[in-house]
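S.K.: Can you look at this prediction? I've put the sequence above it.
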Amino acid sequence: MDDDPIPLSALQHAVYCLRQAALIHVERLWEENRFTAEGRVLHAAVDRQGQRYSRGVRRVSALPLSCRRLQLAGVADLVEYHKSEAGEIPYPVEYKRGKPKLHRADEAQLCGQALCLEEMTGLSIPEGALFYEQTRRRVVVRFDMELRTLTERVARELRETILSGVTPPAIYEKRKCDPCSLIELCRPRIAGRSAKAWRDREIDKLLSEAQGG
């Protein structure tokens, strides 16, 4: 694993919840729900490699990316090449189901793509965009220092977690945990509860069922 790159999509998971990312990339667990199924269908439609021009802008879809410095790799849904005095400037566009969110997980994944493109081209990339299927609109994302710092920190934390092989403990947060497809595997609601109390309850339940039968 030391030399294996971290998938760019894992940055999105890690910003949302480092335990979720570890369950996927350390314990190799996965469970699909309606949200992940919708996302998979959306990407099946946009992950076809190709190049075309639209209104004078070169648009390359399903472009492979990598960043040796952060050991990241993945595929950009779409990279547009906007003309400037310095030449063509890459402009990554990531497709997402749903609508803009309060957290920065989607932005960090997009910023990871920009960091890859900067290393691959030697160009500075100031912004990109997230396209949300539900609203059918683009949200422009500026790659400012705060977002770059967040993205690089999470990339390093995720790598350390994967290399350690240790999944962080669960902490239940209703807003984040309830829509997570891994909630039944993660079981955050029972985190921190007494194992003895759980065992005693299970024994009492079995005894009650036996007596009832």
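M.R.: That came in fine, so what should we check first?

S.K.: Might you report the residue contacts of the closest residue to residue 73 other than its chain neighbours?
M.R.: Residue nearest to residue 73 in three dimensions, not counting chain neighbours: residue 5, with 3.6 Å by Cβ to Cβ, 6 or more residues apart in numbering. From N, CA and C alone the C-beta is placed, and that goes for glycine too. By Cβ atoms under 8 Å, 6 or more residues apart in numbering, the residues touching residue 5 are 66, 71, 72, 73.

S.K.: could you redo the last one with a cut-off of 6 Å?
M.R.: Residue 5 makes contact with 71, 72, 73, according to Cβ atoms under 6 Å, 6 or more residues apart in numbering.

S.K.: any idea of the mean pLDDT in stretch 82-91?
M.R.: Stretch 82-91 carries an average pLDDT of 91.

S.K.: ok, and for it, which residues are buried?
M.R.: 89, 90, 91 (16 or more other Cβ atoms under 10 Å).

S.K.: Keep only those of those residues that are in strands.
M.R.: With DSSP state E as the criterion, strands contain 89, 90, 91 from among the buried residues of stretch 82-91.

S.K.: So which of these is the closest to residue 38?
M.R.: Distance to residue 38, by Cβ to Cβ, is smallest for residue 91 among these, at 25.2 Å.

S.K.: State the distance from the closest one to residue 59.
M.R.: In this view, residue 91 and residue 59 are 9 Å apart by Cβ to Cβ, to the nearest Å.

S.K.: shared neighbours of the two, anything?
M.R.: With Cβ under 6 Å, 6+ apart as the test, residue 91 and residue 59 both reach residue 80.

S.K.: Lowest average confidence across helices and strands of this structure, where is it?
M.R.: Ranked by mean pLDDT, DSSP states H and E, the weakest helix or strand in the chain is helix 34-46, scoring a mean of 71.

S.K.: if we can go back for a sec, got a winner among the contacts of residue 5 for most neighbours?
M.R.: residue 72 (25 neighbours; other Cβ atoms under 10 Å).

S.K.: next SSE after the least confident helix or strand of the chain?
M.R.: Sequence-wise, the next helix or strand downstream of helix 34-46 (DSSP states H and E) is strand 50-54.
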